[in-house]
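Trainee: Curious how this folds, go ahead:
(2 chains)
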Number of protein chains: 2
Amino acid sequence: MAHTPAWKRLASTSTTFTAKTAPSKAHLHKPIPDDLFPRGYVLGGVHCGVKKDPSVLDLAVLLSTSSRPTSAAASFTRNAIQAAPVTVSKDVLRQSSGRSRALVVNSGCANAPRFIALALALASSSSETLVMSTGVIGQPLPISKILTALHPHGGALARHLGTGFAAWEAAARAFTTTDTFPKLRARALPLGDGRTYRIAGIDKGAGMIHPDMVGPTRPPHATLLGCIATDAPVAPAALQSALDYAVQRSFNAISVDGDMSTNDTVVLFANGAGDLQGGREGIEVEAEAEIDEARDPGTFVRFRDGLTTFMQELAQLVVRDGEGATKFVTVSVEGARSYEDAHKIASKISTSALFKTALYGEDANWGRVLAAAGSVPLAAPLDPTRVSVSFIPTDGSPTLPLLVNGEPEQVDEVRAKEILSLEDLEVRVDLGLGSESAKYWTCDLSYEYVRINGDYRS
Amino acid sequence: MAHTPAWKRLASTSTTFTAKTAPSKAHLHKPIPDDLFPRGYVLGGVHCGVKKDPSVLDLAVLLSTSSRPTSAAASFTRNAIQAAPVTVSKDVLRQSSGRSRALVVNSGCANAPRFIALALALASSSSETLVMSTGVIGQPLPISKILTALHPHGGALARHLGTGFAAWEAAARAFTTTDTFPKLRARALPLGDGRTYRIAGIDKGAGMIHPDMVGPTRPPHATLLGCIATDAPVAPAALQSALDYAVQRSFNAISVDGDMSTNDTVVLFANGAGDLQGGREGIEVEAEAEIDEARDPGTFVRFRDGLTTFMQELAQLVVRDGEGATKFVTVSVEGARSYEDAHKIASKISTSALFKTALYGEDANWGRVLAAAGSVPLAAPLDPTRVSVSFIPTDGSPTLPLLVNGEPEQVDEVRAKEILSLEDLEVRVDLGLGSESAKYWTCDLSYEYVRINGDYRS
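Mentor: A predicted model of the protein is given here:
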């Protein structure tokens, strides 16, 4: 068509309306006592110039200073289009056999698809440095600003390194893009026999959040970035095994908008420094052997399960701060024939635009839950006469059945509204077919999501 | 938790948004000359009371009055949860071996999942009646109102049947839910050798639109409803074969919100009446044999291809009237190893919330296109260094390359804005791997979509 017909040239109309927006989430970030952070790490966060606003941090480093070897494990996006930092970090881990002690993270530019200069520069300066980037995909990264800030003599980062809450918090701030608060947690990690280590983690999310990550040696799919560090001593293979297990039950079970990034990466360090500095009465004790899955399965499982619980907390922070989110919703699928079926259905419900707008509108439209569940292709199909759907409030009040064995209940709409008006709620689907289950964490789809993403780059 | 912490009880804040809304789409519905409609059908649309507003039509019928046998074919949702009308219509087609001559359609209530009374009542009164419902899932259908309106003596429909534009238009209005205009098209259908028949169709869509439909004899998955009628003579098997082919390239290649309904159904009738009444100089001529795929492949292919083009027009109307849509976007995936790969990637891009909000915001964020394409799991992965992305304007001006063989172009942002401000545009992704291609039609994700679906039932 050489000419645009008249009706297409008509100006679009505009509407002005008032809409509910996300409540402040600032209370989700709070000070953490310095002694909960793992020993043997220094961190820092500075403004180096990738982002325009000079008051906003955009570059973080974490460095293990432990005198013992530091193990590193990572989980990367399965997206076939992978950002340069993903490719490079994979190579670093492979070449170092899981022994890396440093991480450099920039926000403001995703360094994708192929602006590989930074990653190469860093990797060549040290074969043990992992890299992560987040921000707009497809814009050139201002490498020289980053290298200047990283310079060991006179670089801004060298003057801003520390070991306690302030340093971790600055690093966490430098991870953020559209996040409304820095995401940082730390806790004690008891591994039995009186041994207690420390674990701390930073992550960031907000949009393009539907991670599907796997370890570096398997066929590789999110922008979710996470960095976790512990001062427990863990062998590289055991560290990767624990991370794979924990990622599947935490970051791979969250969705903000169903879009998988080219950059999703979670990195986990274990440096054994808790042994060296945590001896009774301050006396340095003999270092314990690294935790090994085959040699000490009991301790391994305690480590893995402690890690999983910690990573679920970090992952849920991402959903609570999802772009425009006003609600935090747990989708539980039970009674499935397999964990995979349950996971697929929970994922599909968690990404349904109709379910998510109904949540925003606080509308008890369980039909949308049912339609989403049914749309997942399974080897053996669902039986509609066995499906039940209920809403579970988080305030301890009774659950509300909506559909029981395929038969709609007479729903008390007032009670349904009551549950839906909570900021936290759970939607439970029982397929009635087996005993397997899976959980997903998601948020609602609001006007604010559209505003944020209709106008992200400007 | 027995107690809700204080911060959760905090009132959510509100913001005032000024938002671009969809321009009027009223010009897409216009009068059609009576003689373009197929011969041998009577139709009507009335208000029977399923919907509250008495000025809104909610019940339609189509009946073939041809003295020849009428063939019927249909394509149904693959959703494992299927509404009663889907189950019943499948049984009718199976039992009648593709010979049905009537269709009853109600809007305002989806008659899902298991309120089967209407469907049973209709099916038992005539083994040849197909049924379709659309509206809210999970609310009881007021059967008696529908049966009263359908009563042959004194029922409202009996007084409102006709054969020309007015009757078809009333039926089309009775199909609508959140549609902003009735969707009706008719055209001549030339089949070679001077034979020309007529074809007309009605459809409706707006939300829960991501159909995936198959014929009644294959494992079954929309609320998209379509009804197409032709006065060509076509044998039942050939009719189903032509419909299967056309559905895959029309209704199964559109997405408004990525949600698949429990009710999606397209029904196609062929009654051969064009032969009986279309004889030269008004003299009734000898009826031709029904078109058969094996016996007359040439005519069959002309019928199938004419049907496909017509159904693409009907399908595109649904996207143009997608809930809150301000843009109509063609997603073309080329250079794929297989049609299936191309179709999967086009589908994934068309459902990406980030891509669709960028379209709404008129933001040339091609990185989101790339991330969505890469997130599709394929047997053989994409090669990022071979992928190209470009924007194709529909006003005849030059195309705009954004990514060429994995290398980002220096993009003229003014030109990109120019293309993105068009109501119609095409996004083309070339995978550089093969010669197969697929097209999808989609729309943007706007504030209005959230408004419509956050508050649908009230």
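Trainee: quick one: average confidence on the host helix or strand of residue A:130?
Mentor: Here residue A:130, judged by DSSP states H and E, is contained in strand A:129-136. The predicted model assigns strand A:129-136 a mean pLDDT of 75.
Trainee: same check, this time on stretch A:343-360
Mentor: 89.
Trainee: Next: stretch A:16-26.
Mentor: 77.
Trainee: Which residue ranges make up each domain of chain A?
Mentor: A:26-320, A:328-454 (automatic domain parsing).
Trainee: Comparing those by mean pLDDT, which bottoms out?
Mentor: domain A:26-320 has the lowest average pLDDT among the domains of chain A, namely a mean of 82.
Trainee: so residue A:57, which of the three states?
Mentor: In terms of secondary structure, residue A:57 is coil; the call rests on DSSP: H, G, I helix; E, B strand; the rest coil.
Trainee: you'd agree it is up against residue A:172?
Mentor: No. Using CB atoms under 8 Å, residue A:57 is not in contact with residue A:172; the gap is 9.0 Å. (C-beta placed from N, C-alpha, C; glycine too.)
Trainee: Can you convert the domains of chain A into a markdown table and add a column each for mean neighbour count and distance to chain B?
Mentor: Putting the domains of chain A into a markdown table (neighbours: other CB atoms under 10 Å in any protein chain shown; distance: least, CB to the nearest CB, whole Å) gives the following:
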| stretch | mean neighbour count | distance to chain B |
| --- | --- | --- |
| domain A:26-320 | 21 | 3 |
| domain A:328-454 | 21 | 3 |
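Trainee: Out of these, which is closest to residue B:300?
Mentor: The closest of the domains of chain A to residue B:300 is domain A:328-454. By CB to CB, the value is 30.5 Å.
Trainee: what's the span of the closest one, first residue to last?
Mentor: One end of domain A:328-454 sits 23 Å from the other (CA to CA, to the nearest Å).
Trainee: Can you redo the domains of chain A as TSV, where the extra columns are distance to residue B:372?
Mentor: Shown next, in TSV, are the domains of chain A (distance: least, CB to CB, whole Å):
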stretch	distance to residue B:372
domain A:26-320	7
domain A:328-454	13
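Trainee: Residue A:37 and residue A:289, how far apart?
Mentor: Distance, residue A:37 to residue A:289, by CB to CB, to the nearest Å: 24 Å.
Trainee: same question, residue A:161
Mentor: 30 Å.
Trainee: centre of the chain versus the helix or strand harbouring residue A:329, how much separation?
Mentor: Counting by DSSP H and E, the element that carries residue A:329 is strand A:328-336. Distance of strand A:328-336 from the chain centroid (CA atoms, centre = their mean, to the nearest Å) equals 19 Å.
Trainee: Parallel or antiparallel, which strands does it pair with?
Mentor: strand A:424-430 (parallel), strand A:436-443 (antiparallel) (DSSP bridges).
Trainee: Helices of the stretch 51-200 of chain A, start to end?
Mentor: Counting by DSSP state H, counting those that start in this stretch, the stretch 51-200 of chain A has helices at residues A:84-95, A:117-125, A:143-150, A:165-175.
Trainee: Need those helices in TSV (columns: distance to residue B:227).
Mentor: Shown next, in TSV, are the helices of the stretch 51-200 of chain A (distance: least, CB to CB, whole Å):
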stretch	distance to residue B:227
helix A:84-95	49
helix A:117-125	57
helix A:143-150	60
helix A:165-175	54
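Trainee: right, so of the ones you listed, which gets closest to residue A:391?
Mentor: Evaluated with CB to CB, the helices of the stretch 51-200 of chain A place helix A:165-175 nearest to residue A:391, the distance being 34.0 Å.
Trainee: Can I get the strands paired with strand A:328-336 in CSV including distance to residue B:446?
Mentor: Shown next, in CSV, are the strands paired with strand A:328-336 (distance: least, CB to CB, whole Å):
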stretch, distance to residue B:446
strand A:424-430, 26
strand A:436-443, 19
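Trainee: Relative to residue A:322, which of the ones you listed is closest?
Mentor: That would be strand A:436-443 among the strands paired with strand A:328-336, by CB to CB, at 4.0 Å.
Trainee: Can you give the contact residues for that closest one?
Mentor: Identification of contacts with strand A:436-443 by CB atoms under 8 Å, 6 or more residues apart in numbering or on different chains yields A:253-256, A:315-316, A:319-320, A:322, A:325-339, A:341-343, A:345-347, A:349-351, A:356, A:359.
Trainee: Then stretch A:25-40?
Mentor: With CB under 8 Å, 6+ apart, stretch A:25-40 has contacts from A:64-66, A:163-165, A:168, A:180-188, A:197-200, A:229-231, A:271-274, A:276-278, A:317, A:320-321, B:7.
Trainee: Can you flag which of these belong to strands?
Mentor: A:64, A:183-188, A:197-200, A:229-230 (DSSP state E).
Trainee: Now render the residues you listed as JSON lines, adding distance to residue B:267.
Mentor: As requested, the ones in strands among the contacts of stretch A:25-40 are exported to JSON lines (distance: CB to CB, whole Å):
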{"residue": "A:64", "distance to residue B:267": "66"}
{"residue": "A:183", "distance to residue B:267": "52"}
{"residue": "A:184", "distance to residue B:267": "58"}
{"residue": "A:185", "distance to residue B:267": "56"}
{"residue": "A:186", "distance to residue B:267": "61"}
{"residue": "A:187", "distance to residue B:267": "60"}
{"residue": "A:188", "distance to residue B:267": "65"}
{"residue": "A:197", "distance to residue B:267": "66"}
{"residue": "A:198", "distance to residue B:267": "65"}
{"residue": "A:199", "distance to residue B:267": "60"}
{"residue": "A:200", "distance to residue B:267": "61"}
{"residue": "A:229", "distance to residue B:267": "61"}
{"residue": "A:230", "distance to residue B:267": "62"}
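Trainee: was I right about residue A:242 contacting residue A:235?
Mentor: No. The criterion here is CB under 8 Å, and residue A:242 misses it with residue A:235 at 10.4 Å.
Trainee: how far is the strand holding residue A:130 from where the chain is centred?
Mentor: On CA atoms, centre = their mean, the centre of strand A:129-136 falls 14 Å from that of its chain.
Trainee: Partner strands of it and their direction?
Mentor: The strands beside strand A:129-136 in its sheet (DSSP bridges) come out as strand A:102-109 (parallel).
Trainee: Please identify the helix or strand for residue A:240.
Mentor: helix A:236-248.
Trainee: could you point out which element follows that helix?
Mentor: Immediately after helix A:236-248, counting by DSSP H and E, sits strand A:254-255.
Trainee: If you count contacts, what does that next one end up packed against?
Mentor: helix A:297-320, helix A:339-351, strand A:436-443 (3 or more CB pairs under 8 Å, 6 or more residues apart in numbering or on different chains; DSSP states H and E).
Trainee: For residue B:397, find the nearest of those.
Mentor: Among the helices and strands packed on strand A:254-255, helix A:339-351 sits nearest to residue B:397 (CB to CB), with 35.8 Å.
Trainee: which residues sit against that closest one?
Mentor: By CB under 8 Å, 6+ apart, helix A:339-351 touches A:210, A:253, A:255, A:257-258, A:329, A:331-334, A:336, A:355, A:369, A:372-373, A:375-376, A:378, A:427, A:429, A:431, A:436-442, B:258.
Trainee: That one vs helix A:236-248, what angle?
Mentor: Between the axes of helix A:339-351 and helix A:236-248, defined by axes from the mean of the first three to the mean of the last three CA atoms, to 10 degrees, the angle is 50 degrees.
Trainee: Measure how far stretch A:186-204 is from the centre of its chain, please.
Mentor: 18 Å.
Trainee: measure it end to end?
Mentor: Using CA to CA, the end-to-end distance of stretch A:186-204 comes to 15 Å.
Trainee: May I have stretch A:32-45 exported as CSV, CA atoms only?
Mentor: The C-alpha trace of stretch A:32-45 is given here as CSV (Å, rounded to 0.1, in the frame of the first residue of the first chain):
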residue,chain,number,x,y,z
ILE,A,32,21.3,-7.2,58.4
PRO,A,33,23.8,-7.7,61.2
ASP,A,34,27.4,-7.8,59.8
ASP,A,35,28.2,-11.1,61.5
LEU,A,36,25.6,-13.0,59.4
PHE,A,37,27.6,-12.4,56.2
PRO,A,38,30.0,-15.1,55.1
ARG,A,39,33.7,-14.7,55.9
GLY,A,40,36.4,-14.2,53.3
TYR,A,41,34.6,-12.1,50.8
VAL,A,42,35.0,-8.4,49.9
LEU,A,43,32.4,-6.6,47.8
GLY,A,44,31.7,-3.2,46.4
GLY,A,45,29.2,-1.2,44.3
